[in-house]
Every structure is written in structure tokens, then in C-alpha cells.
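Colleague: need the 3D shape of this:
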Amino acid sequence: MNRRFVCLCFVVPVLLFGLTAPLASQGISFGAAASYGEDSDFGVGPRVSLAIPAGDLGLSLVGSFDYFFPSDAEADAIGAEINYWELNGNVVLDISVGGTVAPYAGAGINYVEASGSVSAGGISISTSESEVGANLLAGLRFGSAGPSPFLEGRYSTASEQIVVAVGLMF
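Modeller: Presented below is the predicted three-dimensional model:
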């Protein structure tokens with residue numbers, strides 16, 4: 001199931017590329033990202049951006065979902081399964097500097113959920129925990145027309161970790 005999810009996170013935005021051109025003219029863009037968290041390891045997920053029509057302020061709402069694949073040597077040794085994901089909603093301000101590189105900064109809300117389970121000798125134990133926190137983020141968008149790659153770093157108070165994401169918006 002995890003491989004299917006990873007494929008969907010990257011294939012669906014690419015397939016939708018032809019359908020997103022009319023949406024881009026309305027300030028809506030879709031994409032996918034690969035992320036790395038200092039505690040949660042590698043993750044992937046979809047992303048959406050919606051420009052806020054507030055003059056020329058350069059504000060947008062950015063939502064993302066990241067499903068991570070945490071690795072833990074001790075958990076792997078006993079056959080434990082660990083699941084971790086984040087849902088983010090941020091307000092982002094574009095910083096106008098001209099050229100094809102566009103820096104941005106923002107803040108928002110973050111919801112994280114972690115769960116784990118282990119089975120041994122016919123006994124299963126599972127647990128889960130969720131938390132809501134704040135995000136602070138900064139990043140760079142590259143290119144001005146068509147698909148645009150981005151690089152972003154964010155700190156979440158819910159997970160108390162820094163996550164670096166790279167991706168492509170359409």
C-alpha cells in the first residue's frame with residue numbers, strides 16, 4: 001500500500017498537468033513534494049496553493065499533506081510498524097526580488113499523527129498520538145511560467161522538527 005501511495009503522490013499531479021492550466025490563471029496550483037524530517041525521515045505528498053486576491057500583496061494559502069516513512073533500528077528489530085503523517089495549512093507571503101527565483105515566508109497550522117503497532121506471540125499492542133501546532137516556513141520558487149520547482153524549510157511546534165521539502169507545482 002505504501003508504494004501505491006508514493007506513486008499516486010507523484011503521478012496524479014503529473015497527469016493533472018493538462019487540466020491545471022485554466023486553474024493556474026485563477027491563482028490555483030497543484031503539485032507534489034518529497035520531504036525529509038530530522039525525526040520522521042523521508043516523506044511524500046500532494047500540495048495545493050491558492051492565491052489570495054488582496055491587491056498586489058503576494059499572499060497565498062498553501063496546504064500540504066506529507067506521509068512519512070520513519071525508520072527506527074530498534075522498532076525494525078522487533079517488527080514494529082510506525083506510521084507518521086502531517087497536514088499543513090499556511091499563509092505565505094511572496095517576497096518580491098525580481099528574476100526567476102522567488103523567495104517566500106509564511107506561518108500556519110500543523111496537525112501531526114503518529115501511530116505504531118507490534119505483534120508478538122499472538123499479542124498485539126498499538127498506540128497513536130496526534131497534536132496540533134504552528135508552522136514557520138521559508139522557501140524559494142524557481143521559474144516564472146509553467147511547472148515551477150520549489151525548495152522549502154519549515155519548523156513545526158507539533159512535531160518539534162525541521163522538515164525540508166522539494167517539489168514541483170503546476
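Colleague: can you list the low-confidence ranges for the protein?
Modeller: Scanning the chain for pLDDT under 70 picks out the ranges 1-26, 144.
Colleague: which stretches of it form helices?
Modeller: With DSSP state H as the criterion, the chain has helices at 2-15, 17-24, 73-78.
Colleague: isn't A134 right up against Y111?
Modeller: No - counting by Cβ atoms under 8 Å, A134 stays clear of Y111, with 11.0 Å between them. C-beta coordinates here come from the backbone N, C-alpha and C atoms, glycine included.
Colleague: looking at those two, which is more packed in?
Modeller: Neighbours were counted for A134 and for Y111 using other Cβ atoms under 10 Å; Y111 has more, 17 against 13.
Colleague: surely that one is in contact with N135?
Modeller: No - taking Cβ under 8 Å as the contact criterion, Y111 and N135 are not neighbours in contact, 10.3 Å apart.
Colleague: shared neighbours of these two, anything?
Modeller: Counting by Cβ atoms under 8 Å, 6 or more residues apart in numbering, the common neighbours of Y111 and N135 are N88.
Colleague: beta-bridge partners for S49, please?
Modeller: Partner residues in beta bridges with S49, using DSSP bridges, are S29, V62.
Colleague: contacts only, for S40.
Modeller: Residues in contact with S40 (Cβ under 8 Å, 6+ apart) are F68, P70, Y84, E86, S159, Q161, V163.
Colleague: those residues into TSV, with extra columns for distance to A120 and neighbour count?
Modeller: Output for these, formatted as TSV (distance: Cβ to Cβ, whole Å; neighbours: other Cβ atoms under 10 Å):
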residue	distance to A120	neighbour count
F68	25	24
P70	20	16
Y84	22	20
E86	29	27
S159	28	22
Q161	29	15
V163	32	26
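Colleague: with those in mind, which one is nearest to T127?
Modeller: Distances from T127 to these, taken as Cβ to Cβ, are shortest for Y84 (12.6 Å).
Colleague: dig out what the closest one forms beta bridges with.
Modeller: Using DSSP bridges, the beta-bridge partners of Y84 come out as F68, A114.
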